[in-house]
Structure formats: structure tokens, C-alpha cells
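>>> need a 3D model of the following:
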Amino acid sequence: MNLMHILKRFFVLAAFVPALAVASDHAVLDQAPIKLNDVASIQNGARVFVNYCLNCHAASHMRYNRLMDLGLTEQQIKDNLMFTTEKIGDHMKVAMNGKEAAKWFGAQPPDLSVIARSRGADWLYTYLRTFYRDDTRTTGWNNLAFPNVGMPHALAELQGEQVLEEEKKPEGEAAHGAHEAPKKLVIAIPGSMTAAQYDATVADLVNYLVFMGEPARGKRVQIGILTLLFLAVLFVFAYALKKEYWKDVH
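This next block holds a predicted model:
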């Protein structure tokens with residue numbers, strides 16, 4: 001088998017890997033309204049994260065003082081976002097024992113430091129909005145984006161309780177119906193937020209998770225733009241200098 005044939009097979013396989021990964025989620029992903037320049041959204045997402053996620057999930061590669069990049073003061077972070085430590089430079093860790101958590105949930109809750117880079121913002125946005133009641137599960141919960149997930153619905157008090165119902169088919173289609181009826185999520189017990197408010201809260205949380213995956217992204221992009229502008233200006237002078245050196249040759 002020659003090298004070109006091997007490379008061709010590799011690229012064909014690589015093209016199918018993303019499609020297989022998406023298909024394995026069993027859900028159509030909704031687009032997450034990510035706005036990394038919306039500081040208020042990321043600040044609210046950080047508040048939701050420490051209140052609802054940090055009880056079980058650590059973010060061991062994220063320090064509390066990195067939240068100062070969002071315009072928060074050290075005192076604001078200490079007063080509103082630090083519940084498990086007193087040092088502003090500490091990592092976001094949890095006191096929960098990993099082995100005990102594995103017994104309770106079937107698996108140890110993953111670290112969320114780079115979960116947005118691993119799963120993607122759209123997947124997280126869909127996942128956090130598609131929990132539903134399932135009495136066959138140990139936790140009483142299931143999820144469309146992550147079937148048979150071991151995690152309970154941490155944001156249930158905000159969203160309420162959803163149930164999975166079959167959509168009614170028109171009579172003509174029902175007569176032919178060999179295919180399984182499509183299912184949809186319906187709020188059975190309302191939470192403290194409306195659907196629009198909950199979607200906005202989840203969007204803020206995902207916005208923060210994306211920020212946490214790369215806190216320096218904003219500065220990196222800014223430096224990149226300035227670098228490109230500098231190179232563009234430098235090119236003008238370099239081209240003028242080149243013309244001056246080569247004017248007698250041409």
C-alpha cells in the first residue's frame with residue numbers, strides 16, 4: 001500500500017469522525033447565543049456556576065482571581081463567589097470525595113475547567129435545557145443530549161420539571177405509522193423562572209464555561225488584531241523600501 005493511498009484513507013476517515021460524534025448524542029443541538037464580549041452575561045454565569053455547579057464539579061485549572069478579568073474586584077469575588085476557600089488565588093475545587101460521588105452518581109463528576117472546549121458550547125446549551133423526569137433512572141432524571149446520564153438536574157428549581165411526551169400524529173400519518181412517534185419535552189411542574197428566563201440563564205452559564213476554558217482569549221484576540229495591524233503598516237514601509245532599493249534594477 002503506497003503512501004498516497006494511506007493518506008487518502010486517513011482523510012476519508014477523519015471526515016467521518018465529527019459526523020459520528022454528533023450522531024452519538026441522539027439530539028439536534030441548539031445554537032448557543034455565546035457573547036464573549038458581554039461581561040455582564042459572563043459575570044452572571046460565574047454566579048450560577050459557583051451556586052449550582054461547584055457543589056459537585058470542580059474547575060481545578062481555574063483560579064478565583066482570574067474573575068478579575070471580568071471587571072470584578074477582589075472584594076466582590078470574596079463576598080459573592082467564594083464559598084469553599086478564603087484565598088483569592090486558590091483553584092476552584094470542591095470538598096466532595098471523588099469515590100463517594102462515584103457511588104452516588106455512578107461516575108465521578110468531571111472537572112469543568114475545559115468542558116466547553118471538549119464538548120462545545122452548543123452541546124452544553126442543549127444539554128442543560130433537555131433534562132426530563134425518568135423514574136427508571138436512579139437519580140430520577142434523564143437527558144436528551146446525554147441519554148442515561150448519571151447527573152441529576154442541578155437547575156431543576158429554576159427550570160422546573162420536564163417530561164417527555166409523544167407528539168400526536170395527524171390521523172393520516174398515524175394509519176401508516178411504522179415509524180416511532182416523535183417526542184417533545186413539556187414542562188410538568190414550573191420552576192422559579194419562565195422558559196425565556198431559564199434559557200437566558202443557561203446561556204450566561206455556558207458563556208462563563210466558554211470563558212473559563214480560555215480566560216486569556218479576549219486578550220489573545222486583541223493582541224492578534226494589533227499584531228496584524230502592525231504588520232500591515234510595516235508592509236507599507238517595507239514595500240516602499242524595496243522599491244527604493246530596486247528602482248535602478250527595474
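
>>> next secondary structure after the helix or strand bottoming out on mean pLDDT in the chain?
Within the chain, no helix or strand scores below helix 3-23, which has a mean of 42 by mean pLDDT, DSSP states H and E. Following helix 3-23 in sequence order, the next helix or strand is helix 39-48 (DSSP states H and E).

>>> list the buried ones in that next one?
39, 41-48 (16 or more other Cβ atoms under 10 Å). All C-beta spots, glycine's among them, are computed from the backbone N, C-alpha and C.

>>> what is the mean pLDDT for that helix?
The average pLDDT for helix 39-48 rounds to 95.

>>> and the residue lying closest to F49 once chain neighbours are set aside, helix, strand or coil?
Once flanking residues are discounted, F49 sits nearest to Y208: 5.5 Å by Cβ to Cβ, 6 or more residues apart in numbering. Three-state assignment for Y208 (DSSP: H, G, I helix; E, B strand; the rest coil): helix.

>>> which residues of this structure fall in helices?
For the chain, applying DSSP state H gives helices covering 3-23, 39-48, 74-80, 98-105, 115-119, 121-127, 156-159, 171-176, 195-213, 217-246.

>>> out of the ones you listed, which is closest to F146?
For F146, the closest of those is helix 121-127, at 5.8 Å, according to Cβ to Cβ.

>>> off-centre distance for that closest one?
Helix 121-127 sits 6 Å away from the centroid of its parent chain (Cα atoms, centre = their mean, to the nearest Å).

>>> next: stretch 77-84.
23 Å.

>>> same thing with stretch 153-168?
The chain centre lies 20 Å from the centre of stretch 153-168; the measure is Cα atoms, centre = their mean.

>>> for D90, which of the helices of the chain is the nearest?
Of the helices of the chain, nearest to D90 by Cβ to Cβ is helix 74-80, at 11.1 Å.

>>> now for the closest residue to A46 other than its chain neighbours, how many residues are close by?
For A46, ignoring the flanking residues on the chain, the nearest one in space by Cβ to Cβ, 6+ apart is Y208 at 4.9 Å. Y208 has 24 neighbouring residues, counting by other Cβ atoms under 10 Å.
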